[in-house]
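Mind folding the following:
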Amino acid sequence: MRSGLPWAWGTTPADLARPLPVDAVLPERGEGAAVTMDRAVPVAAPAGLTWRWLCQTAVAPYSYDLVDNLGRRSPRELTPGAERLEVGQRMLGVYELLAVDEGRSWTGVTTASASRPLGPIGVTYAVVPDDDAGGGPCRLVCRMTARGATRPQRLRAAALAWGDLVMMRKQLLTLAALAERDARR
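Modelled structure (predicted):
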């Protein structure tokens, strides 16, 4: 696991060491080694509320809306029912949901059309409570994996890592800010 830019941003050693469901999506052996990209932000809001905002990625990307959302602003209020995630559902417009650990994480893999330019990409977004009760602050953590067995795959993964760093940084900071805003209300 790499810990410098562009492979990791905002992460702690615990974030990098934490096993996540995406680790099994693109296995290290067989179809090719996986390259990982980790991003994380602290959130001064309860894990349950942060989870609700994370589920909003079923509705909009919450990154740079001009680039990711055809200029439409990602909603600034929770969409009723968005927290009811189902396997097979599309997330962020490019991922098919493979698994949901209710209140904790969702894991997906790029759709066939989204996989064409860079190959398959797996992702887990997770809400990690800072306390056992889950009522205090938490962390919003994301890990992406891409194929990296060959030199062209590693080059594509590096290009993805730099582009993703910019977009996901904005996304995680936006989701954290919205959860924190709602926690203060």
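
what about the helices in this protein?
Counting by DSSP state H, the chain has helices at residues 13-17, 47-55, 65-68, 112-115, 151-184.

So which of those is nearest residue 79?
Nearest to residue 79, of all the helices of the chain, is helix 47-55, at 8.6 Å by C-beta to C-beta. Backbone N, C-alpha and C define where each C-beta goes, glycine included.

Mean neighbour count, the helices of the chain: which tops it?
With neighbours defined as mean count of other C-beta atoms under 10 Å, the helices of the chain peak in mean count at helix 47-55, which reaches a mean of 23.

What helices and strands are in contact with it?
Where contact means 3 or more C-beta pairs under 8 Å, 6 or more residues apart in numbering; DSSP states H and E, helix 47-55 is packed against strand 121-129, strand 138-147, helix 151-184.

CA-only coordinates of the helix or strand of the chain with the lowest mean pLDDT, as CSV, when you get a sec.
Ranked by mean pLDDT, DSSP states H and E, the helix or strand of the chain with the weakest confidence is helix 65-68, at a mean of 73. This file holds the C-alpha atoms of helix 65-68, laid out as CSV (Å, rounded to 0.1, in the frame of the first residue of the first chain):
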residue,chain,number,x,y,z
ASP,A,65,-20.6,19.8,-10.4
LEU,A,66,-19.6,21.4,-13.7
VAL,A,67,-17.4,18.4,-14.5
ASP,A,68,-19.2,15.5,-12.8
